[in-house]
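*Asks:* just coords:
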């Protein structure tokens, strides 16, 4: 199998957020999938600001280039996103809106995170029409990280071993779709 | 190229609806695509009722069988749906919810219809998370039929010749995705 | 306080559905709120069918009249809706789409139901733009009935006593909004 | 009638955006409504950044204070938002997520903006569940600014005089709802 490159994007930049544990777990599990290489990006640390948008006149900095470079060669994407008032964080949307043609016909999986018991279910659905408009191809599969503050130990390790099994199924679907799209592109 | 079978589903059963003209146009244009065969279904005429749901105890009638049979062998689907209060018609949802595994990994394109000027844009996005949950794979491309009462002549023919060109682009994307998924399934 | 009339609408007509327990619980708790009278409607038992839509030429039957009559005098509405493939059941949409001006400036609360652990969170958000387009005014508050098959005993009684407390808060918000709108209408 | 304070929030910070013309038009028309005072805010110019979020440890600057101060005393809000890939701009979400209790039980109207012909219809619906979660109460009415690059003259004035009439109806509904909520709060 040809090697697939599938970055992971953490969709929050809030200080001391716990979603980073979920993103690192996703990154770690995805790294174990045969034939897949990955890289972790964090929306809060990519050089975007509101007053000097990256899509403006010039000004793309080194960090933006890393994201653009990654998505240019990527075969897919996993987004790990906490639910903020049922929607997506602004910093995630800034990152997503900064590119366009780089996303075309690439598979995307969205994983939700929440402090409460519903695992970010709403933002996972909420963002899908946006990803489709960006020409990405969403999978059905998702991981839902409920009660994120309690789900990881002090070293940031997922407590529930079943989550790795769920992850495997979700990544199987993602890899299948990424390969289907890549094969067709030739 | 192996032949693709891509049914068209009209998502309304209202008497004297004008969306049927849009659905017939889509059916007709899709029929012209090389390597594609199609069939037109109408949500209002498929034997569903609310009080005796098709998912209930037995009772699938001949018309339901035709839909199930079609989706079993289908490689994709085009839904032509008017926007009712920004959402999808109930009769369309009844039809969609009546099957499940038959939809898996099949490409789907949604075309919106409206009496007003916005072409059903809202329902096209609104229904996408539902289609993904049904394991279908949505395309970005869509046709938007605004002012449907005025867009077709008395014989039901589309007045604006550009729409057929738009349709060609939309179907190119659909065929590409349907083929990618079919090839991968092998 | 002037008496408020706030019907409860169960949004499914599937045979042997368990959402009816949630709807009866909501109906029962709402009945206990001082100054509120209510009535339970079930979407599967209101005389709608797909092939002879109620909005068609004539043909409103007795049951449709009961719904129209109820919403004409209603000050608010509670919808109890299971999540079908992340969206609303077709039969619920048929009922909602059958009226229009009767809903204007009336408060509405949506309660979700699911077999799994997410309580119908997705359909609760999914339907809100539709209810707004119908000129209803949605509350934020909601009840989420997760694992509905296990949450009620064999007599259909809610096992968890905390749910009645949650219901009280949700209905407080609904009554507040319904009164605000009613007072302003004068 | 007691005076209502209803700020206008432009939901983009992109350099040289044309949505600012729509926001200024909304601000200007809203200023003419008897009993209403308003103030214009721009999401790109409110001191937020991704790497130093306003909800973080300290650091609220003067501009944030102006927004918080405004929403604390506001009776309603009008959001003017361009549609970015069918969703809301990140900078708008950063601003909205920076407050919470200040929004409670305040009326909100969303106006969409687009370069194309659909007037931002999708983002107007897309953001409503978010606003409800923030405890705001959305109106049905909206203005849709299609083809925004062509709709204003070189001085930024709306070319089509009918838009002011539409605005009047939209603001009538907003004022009605803002008054209903304010009266009830007492």
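*Replies:* That came in fine, so what should we check first? Since the structure is predicted, the reported quantities are computational estimates derived from the model, not experimental observations. Numbers count the residues shown, from 1 in each chain, chains lettered A, B, ... in the order given.
*Asks:* Residue A:149 is in contact with residue A:17, isn't it?
*Replies:* No: using CB atoms under 8 Å, residue A:149 is not in contact with residue A:17, being 10.3 Å away. (Each C-beta comes from the backbone N, C-alpha and C, glycine too.)
*Asks:* Between those two, point out the one with more neighbours.
*Replies:* The residue with more neighbours, out of residue A:149 and residue A:17 and counting by other CB atoms under 10 Å in any protein chain shown, is residue A:17; that gives 20 against 9.
*Asks:* and the spatially most central residue of chain A, helix, strand or coil?
*Replies:* Nearest to the geometric centre of chain A sits residue A:79, at 1.5 Å (CA atoms, centre = their mean). On the three-state scheme (DSSP: H, G, I helix; E, B strand; the rest coil), residue A:79 is labelled strand.
*Asks:* Is any residue of the worst-scoring helix or strand of chain A on mean pLDDT near chain D?
*Replies:* None of the helices or strands of chain A scores lower by mean pLDDT, DSSP states H and E than helix A:62-73, at a mean of 80. No: Helix A:62-73 stays clear of chain D (CB under 8 Å from any CB of the partner chain), getting no nearer than 10.6 Å.
*Asks:* so what secondary structure elements neighbour that helix?
*Replies:* strand A:40-42 (3 or more CB pairs under 8 Å, 6 or more residues apart in numbering or on different chains; DSSP states H and E).
*Asks:* Which neighbours in the sheet does the strand it packs on have, and how are they oriented?
*Replies:* Looking at strand A:40-42 with DSSP bridges, its partner strands are strand A:8-10 (parallel).
*Asks:* Run through who's touching the strand it pairs with.
*Replies:* For strand A:8-10, the external contacting residues (CB atoms under 8 Å, 6 or more residues apart in numbering or on different chains) are A:19-20, A:23, A:26-27, A:30, A:38-44, A:77-81, A:92, A:95.
*Asks:* What average pLDDT does it get?
*Replies:* Averaged across strand A:8-10, the pLDDT comes to 97.
*Asks:* State the next helix or strand along the chain beyond it.
*Replies:* Heading C-terminal from strand A:8-10, the first helix or strand you meet, by DSSP states H and E, is helix A:19-31.
*Asks:* what's that next one packed up against?
*Replies:* Helices and strands touching helix A:19-31, by 3+ CB pairs under 8 Å, 6+ apart, are strand A:8-10, strand A:40-42, strand A:76-82, strand A:107-113, helix A:148-151, helix A:162-185.
*Asks:* So for the second one, what gets flagged as buried?
*Replies:* Neighbour counts using 16 or more other CB atoms under 10 Å in any protein chain shown place A:40, A:41, A:42 of strand A:40-42 among the buried residues.
*Asks:* For burial, what's the neighbour tally of residue A:18?
*Replies:* 19.
*Asks:* and it, backbone torsions?
*Replies:* When read as degrees, to the nearest 10, the backbone of residue A:18 gives phi -90, psi -10.
*Asks:* got the contact list for the residue nearest to it when sequence neighbours are not counted?
*Replies:* In space, and not counting its chain neighbours, residue A:18 is closest to residue A:148: 4.7 Å by CB to CB, 6 or more residues apart in numbering or on different chains. Contact analysis of residue A:148 by CB under 8 Å, 6+ apart lists A:18, A:19, A:21, A:22, A:82, A:113, A:114, A:115.
*Asks:* Now do residue A:148 against chain D, distance only.
*Replies:* According to CB to the nearest CB, to the nearest Å, residue A:148 stands 17 Å off from chain D.
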